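> Structure, please.
(2 chains)
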Amino acid sequence: MIIKFKNYDGIYRVAVLSCSEAVTKRFLNNNMNVMHIKERSVIIYPDNVSFDVEERDIDRLKKTSEFDVFEIYCNGAAYQYYNNSSLDNTILVTNRCNSNCIMCPTPEIIRKTQQQYSAEQLINIVKYFPSDACHITITGGEPFLVKKDMFRLLSFLKSHLNNTDYLLLTNGRAFCSKEYTDLFAISKPSRIKLGIPIHGYNEQTHDHITQAKGSFVQTIAGLKNLIHINAVIEIRIVVSKLNHSFIDKIAELIVNELKGISCVKIMAMEMTGNAAKNRDLVWIDYPDAFSACKEAIEILVSNGIDVGLYNFPLCSVDRRFWDICEKSISEHKIRYAPQCSECKVKDACGGVFSGTIRLAKEKMKPIGDTL
Amino acid sequence: MINYFNFKRFGDDYLLTNDLGRYMFVSASELKALLKGTVDPDSDFGKKAIEEMFWYQGSSQAFSEYTIPYMRESKNYLFSATSLHIFVVTNKCNMKCVYCQAQNGKTIPNGIMTRETAQKAVDIALSSPADYLSFEFQGGEPLLNFDVIRFIVEYSEKHKGNKHIQYNIVSNLTLINDEIIKFIKENNIGISTSLDGSEGVHNHNRRYRNQQGTYSDVIKSIMKVREHGICVGAIQTTTRHSLAYAKEIIDTYNDLKMESVFIRPLTPLGCANKDWKEIGYIPEEFIAFYKKCFEYIIELNKQGHSLKEGHASILLQKILSGSPVNYMELRSPCGAGIGQIAYYYDGNIYTCDEGRMLAEMGDDSFKLGNVFENTYDDLMNCDNCKAACMASTLESLPQCSDCVYSPYCGTCPVVNLALQKNIFMKEPNSYRCRIYQGILDIIFSALKKPEDKEILLKWI
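Residues are numbered from 1 along each chain as shown, chains lettered A, B, ... in the order given. Predicted coordinates:
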């Protein structure tokens, strides 16, 4: 969420929203910026400057809550970096990536051109987060493109926010370096899980999708290094036309080669960015995508691995697999088809991505009875 | 829609419980409405039924998703590995209690755990993946081997890494001295002792080997330890002789300003089993006694005292907060192996304290391995561990899965094997089953009375 300030003074700031004297005092004592809302304007301390909010953003102002953290750009756009009323917040390290997956929901242009944050910049934001933050996803792009700066961020989180559950999304390639693995072991906060995708069962099938030669070898070596230090790892498999015929082989690879993986998420695509551009190459209807995974799920589950299905509407999934479907799509991106209003399990269904509803809606069918 | 529940007639009303450990008292007409699906969701009853998860409005898929965190919480003990590690540092004892569950009185025990065995046992305990561990020193009388207790504490503190360890000594306290007190204080070790009640009852049940009573020595020791600012907990064991002295027993605990009194039935192992005819009783006799104790404790609370009863505290924690304390006997599956491990002085490892007691009678069915031969993983993967786990999962036992009290209860495969020659409870309404049913009847009756419930809320 972005709230635009009128006539902003052009200074880049990070500030926390406060509603009480005590909170304000505490932050100011630590040389941190505090923001107060007064009707239709905000006051920022200690600079004691006040700005009106654009008319169209006044409703957004009402959706904020105490301890929300804003990053305010020079142009007066205040981005709600930390939402205190949400159970999951995000630290975006960089949009850049060293892979270029055919079905990536981010467009190539963003991954190639956007700036990345330095460890200082990120720590300057994260230090405003409350220490009881419930869950934080650390994501990119590929976070480890900022190289060893990542370990400074992780060390900071370990020392300041160590009771939080973290999910670190990475392609895992950096961990083919023993040095990076060891640094990670030392600096990681206690409760961190790594989410790492595998797209194929060998070099050819995997690298074809990532469009990055050598990425399979690096990711697998990275996974083995991470398993060796007892890291908690979730493997992610994104099902597309390019790999749906061999999801079972990926499952066998996990079971046979990567002992120590406790959890696998099988994910339906989000059709934006690269995925939209390469639609003919990658799109496969959700029911077909699910059918292609059944055998893999059986293999994984019978080997004691916890499997979750992400982004699949319930009507695309056999009923006996419903219990492993998770409502994984962010609330503001969830869409249903018109016919879904007749569905008896809509309340249990996570819907489909806003960017995908156009392609998916034809195959979505309301479920009649519930038992 | 209706969620699965168990029920039982309770006076004019019905008591309902569900898998999430929630309970509700309903009238016959309310039960009918629930079963017929004619609940008005806006009525007080409807709102309560929805809140306590007996009734839901959306799809069953959405409901089961909604209940996941509550289910997890009600089984929270399954999310950590073996946390209780019992070190039986000796089987020697300077006392000879009438109900000794660890001996059958036929031989004179003289085993002592060596440092070498102790070190191996600690290595296994520290390899349990749980972050919070509890080390308990048992016997016999563990202070007869204080040297090894000291060794275990010092060795563990040196090798514990990031783990947190709470130490407890289960002792009759007759051998306590200044050196031991100093060590206990320095290492923040908890003490649990046995106090069976007033002088007459205690001396009847718990005597030295020369038949002399131990009451005055135990009281002296409790006072002495307290003078050093160390907190002592005590548990009571009920024999046939105790049954007539409910008030006196409670008064003893109350006069000592104990935080709680744990009114416990005999476990039919060892001497207790052998001499059952003289010291034992039928469950109904124990329950009548427990009821007297319970009501008297409530009465004392109403007068401003703050004594709690141990069983009730444990059960209420689960009934009222949905978040159980990890009490090994009252969980499903029970704590055998996956919650606790007992290291016997000779290096043999058992599922639990009861498992090693049975072994002292010559039946080593609950042996998991040996400290010199096995790793923690071996112990968890062995068939005996799995069997104990299976046999104590109430949800899969025909006579338990339908019981209104199953969310709060537990069964003991060791006692089942000792009494019924089968780890699965074959006989419905067995001794232990009737005792827990009786205790829970008393607790739920009290929960029905607002003035009693107010007191019980303070016990958790």
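
> switch to C-alpha atoms for all contacts and neighbour counts from now on
Will do.

> Please state the mean pLDDT value computed over the top helix by length along chain B.
Using DSSP state H, we find that the single longest helix of chain B is helix B:283-302. In this model, helix B:283-302 has a mean pLDDT of 97.

> Same check on stretch A:295-305?
Mean pLDDT, computed over stretch A:295-305, is 96.

> which helices and strands sit right next to the longest helix of chain B?
Contact partners of helix B:283-302 among helices and strands, from 3 or more C-alpha pairs under 8 Å, 6 or more residues apart in numbering or on different chains; DSSP states H and E: helix B:246-255, strand B:308-309, helix B:431-448, helix B:450-456.

> B:Gly337 is nearest to which of the ones you listed?
Closest to B:Gly337 of the helices and strands packed on helix B:283-302, according to C-alpha to C-alpha: helix B:431-448, at 20.7 Å.

> What are the buried residues along the closest one?
For helix B:431-448, a neighbour-count test (16 or more other C-alpha atoms under 10 Å in any protein chain shown) marks B:431-444, B:446-447 as buried.

> can you pull the contacts of the residue in the stretch 101-250 of chain A that chain B sits nearest to?
At 11.1 Å from chain B, A:Ser190 is the closest residue in the stretch 101-250 of chain A, using C-alpha to the nearest C-alpha. By C-alpha atoms under 8 Å, 6 or more residues apart in numbering or on different chains, A:Ser190 lies in contact with A:158, A:162-163.

> Number of residues surrounding the closest residue to B:Ala28 other than its chain neighbours?
Distance criterion C-alpha to C-alpha, 6 or more residues apart in numbering or on different chains; nearest residue to B:Ala28, sequence neighbours excluded, is B:Asp13 at 6.3 Å. Using other C-alpha atoms under 10 Å in any protein chain shown, B:Asp13 has 16 other residues around it.

> circling back to that earlier point, buried sites along the longest helix of chain B?
For helix B:283-302, by 16+ other C-alpha under 10 Å, it's B:283, B:286-294, B:296-298, B:300-301.

> Likewise for stretch B:145-152?
Buried, per 16+ other C-alpha under 10 Å, within stretch B:145-152: B:145-146, B:148-149, B:152.

> Which ones among those lie within helices?
Per DSSP H, the buried residues of stretch B:145-152 map to helices at B:146, B:148-149, B:152.

> Closest one of these to B:Ala130?
Looking across these and measuring by C-alpha to C-alpha, the closest to B:Ala130 is B:Ile152, at 18.4 Å.

> residues touching the closest one, list them.
For B:Ile152, the contacting residues are B:115, B:118-119, B:122, by C-alpha under 8 Å, 6+ apart.

> Any quick PyMOL command for the buried ones out of those residues?
Buried residues within the contacts of B:Ile152, by 16+ other C-alpha under 10 Å, are selected in PyMOL with:
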select buried, chain B and resi 118+119+122
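
> those helices in chain A, which residues are they?
A:21-29, A:58-62, A:108-113, A:119-126, A:149-160, A:178-187, A:203-210, A:215-228, A:247-257, A:273-277, A:279-282, A:286-291, A:294-302, A:357-360.

> Can you mark which positions in the first one are buried?
Buried positions in helix A:21-29, judged by neighbour count with 16+ other C-alpha under 10 Å: A:23-24, A:27.

> now that helix, how far from the centre of its chain.
Mean-position distance between helix A:21-29 and its chain equals 32 Å (C-alpha atoms, centre = their mean, to the nearest Å).

> Which single residue of chain B ends up nearest chain A?
For chain B, C-alpha to the nearest C-alpha, closest residue to chain A: B:Ala62, 4.2 Å.

> Which of the three states applies to that residue?
helix (DSSP: H, G, I helix; E, B strand; the rest coil).

> correct me, but it touches A:Val345?
Yes: using C-alpha atoms under 8 Å, B:Ala62 makes contact with A:Val345 at a distance of 7.2 Å.
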